[in-house]
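# Quick one, fold the following:
(one chain, ligands or ions: 1)
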Amino acid sequence: MSRIDLDLAHAYKPDPKTDDDYALLPLKMTFEDGGAYALLGPSGCGKTTLLNIVSGLVKPSQGGVKYDGVDVTARTPQQRNIAQVFQFPVIYDTMTVAQNLAFPLRNRGVAPERIKERVGRIAEMLEMSHQLDARAAGLAADAKQKISLGRGLVREDVSAVLFDEPLTVIDPHLKWQLRRKLKQIHHELKLTLIYVTHDQVEALTFADQVIVMTRGRAVQVGSASDLFERPRHTFVGHFIGSPGMNLLAARWSEQGLEVAGRTVVGRAAAGVAQAATLLGVRPEYVTIAVPDTPGAVPVTVDQAQDIGTYWLLTTHAADGTQIRARLHPHQAIPRAGETTWLQVNGPHTCLYENELLIESGGQPARGVAA
Ligand SMILES: Nc1ncnc2c1ncn2[C@@H]1O[C@H](COP(=O)(O)OP(=O)(O)OP(=O)(O)O)[C@@H](O)[C@H]1O
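Numbers count the residues shown, from 1 in each chain. From the prediction side, this is the model:
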């Protein structure tokens, strides 16, 4: 296993001039030895490009890649000793499950007893022990993809295992099981794993650290809780969560920071709040307030949806600002057409300037006094 350092940028077209010409804008990043990482972002944000640069399938147009401090930028995937699992199964149909799993080891001359032991262990982890002698050709698509996963995980000597949306062909129920399984396997095998996905649940279940990407930029690297509690970029606030963070237009006035014409952050917090142009608060942290409570905004309810474990309230303020709240089912839920007050300032509220979280004394600007 290796520690992988990236310090690079990449443009597919020659002579890039604007940010839009880059598939990856300049980034510096480290994948620690034995860590489980996910690259998360919408289609076209540069995840696969980044993964292919790590593996050596793509050479960055600027900068380079180091494995354990050694520059490997010019090396091929094989020279880098990388295992890769792709979206669709890459297996030998004529071989049995056991032969498929053994293939990467046999190729490297691993002793037969060791192969048997390792194949047995991986098959057990993937719950395929009973299928070891079955021919791959006769198996369903998801079983074939499990073999692909197994082939990626079977070698102990790889620098890292890279996964590019590996659960696309798997049915939803098995997907859920495999995500958890992969996490468990990571804890047992201590491999460096990098996993590309556009699915936040997949990324947050699997990885210790998630790299959120948008338009060629890695905007935050953090744990599931960092991304939820302290989105450092408005994109993270909006992209992570169901629904994402409320990002409310804010402006500074004589009284303090205003949202929808109400002062929600008082002048006492001037140092932090003056620069803010957006106030971010997750629907989970918006609560119903008594009218005129400091920090609260009057709204009209557009829709109240019963989602099972919670109610989702979609509302708008007098100036049209949309605010969503996730409410506990045991409380009184206002109905569509009714007016209510929503508290948007609390310990989990974040303030943003130019899409970036405003930090105060090294700490994120949260819990600003109303
Ligand atoms: N071989 C290529 N030549 C030119 N442009 C490319 C090439 N591969 C990707 N791109 C462009 O680079 C940008 C990033 O693409 P990339 O495939 O890395 O994104 P992604 O986040 O993995 O998206 P997806 O989930 O759709 O695969 C996109 O604008 C894409 O069109």
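
# now the residue nearest the centre of the chain, which residues is it bridged with?
In the chain, the centroid-proximal residue (C-alpha atoms, centre = their mean) is residue 40; its distance is 3.9 Å. Residue 40 forms beta bridges with residue 197, residue 212, as assigned by DSSP bridges.

# Verify the contact between it and residue 201 for me.
No. Counting by C-beta atoms under 8 Å, residue 40 sits too far from residue 201 to count as a contact (10.2 Å). (Glycine included, C-beta is placed from N, CA and C.)

# What residues does the stretch 151-300 of the chain have near the ligand?
Residues of the stretch 151-300 of the chain lying near the ligand by C-beta under 6 Å from any ligand atom: residue 198.

# All the helices of this protein, residue numbers only.
Per DSSP state H, the chain carries helices over the ranges 47-55, 77-80, 97-107, 112-125, 141-153, 172-189, 200-206, 224-229, 234-239, 270-273.

# Looking at the ones you listed, spot the one closest to residue 17.
helix 47-55 (18.5 Å; C-beta to C-beta).

# give the contact list for residue 324.
Residues in contact with residue 324, defined by C-beta atoms under 8 Å, 6 or more residues apart in numbering, are 243, 246, 283, 286, 312-315.

# Please check the residues you listed and keep the buried ones.
Buried members of the contacts of residue 324, counted by 16 or more other C-beta atoms under 10 Å: 246, 283, 286, 312-315.

# and those, which two are the farthest apart?
Pairwise over the buried ones among the contacts of residue 324, using C-beta to C-beta, the maximum falls at 246 and 312, 12.1 Å.

# Give me the common contacts of these two.
Shared contacts of residue 246 and residue 312 (C-beta under 8 Å, 6+ apart): 283, 324.

# re the thing from before, just send the helices of the chain back as JSON lines, with mean neighbour count and mean pLDDT too.
What follows is the helices of the chain, written out as JSON lines (neighbours: other C-beta atoms under 10 Å; pLDDT from 0 to 100):
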{"stretch": "helix 47-55", "mean neighbour count": "23", "mean pLDDT": "96"}
{"stretch": "helix 77-80", "mean neighbour count": "13", "mean pLDDT": "92"}
{"stretch": "helix 97-107", "mean neighbour count": "20", "mean pLDDT": "96"}
{"stretch": "helix 112-125", "mean neighbour count": "16", "mean pLDDT": "95"}
{"stretch": "helix 141-153", "mean neighbour count": "22", "mean pLDDT": "92"}
{"stretch": "helix 172-189", "mean neighbour count": "16", "mean pLDDT": "85"}
{"stretch": "helix 200-206", "mean neighbour count": "20", "mean pLDDT": "90"}
{"stretch": "helix 224-229", "mean neighbour count": "16", "mean pLDDT": "95"}
{"stretch": "helix 234-239", "mean neighbour count": "23", "mean pLDDT": "97"}
{"stretch": "helix 270-273", "mean neighbour count": "18", "mean pLDDT": "74"}
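
# for these, which one sits closest to residue 306?
Residue 306 lies closest to helix 200-206 among the helices of the chain, at 21.2 Å (C-beta to C-beta).

# where does the stretch 151-300 of the chain dip in pLDDT?
Along the stretch 151-300 of the chain, the model assigns pLDDT under 70 to residues 270.

# Tell me the residue of it that sits nearest the ligand?
residue 198 (5.5 Å; C-beta to the nearest ligand atom).
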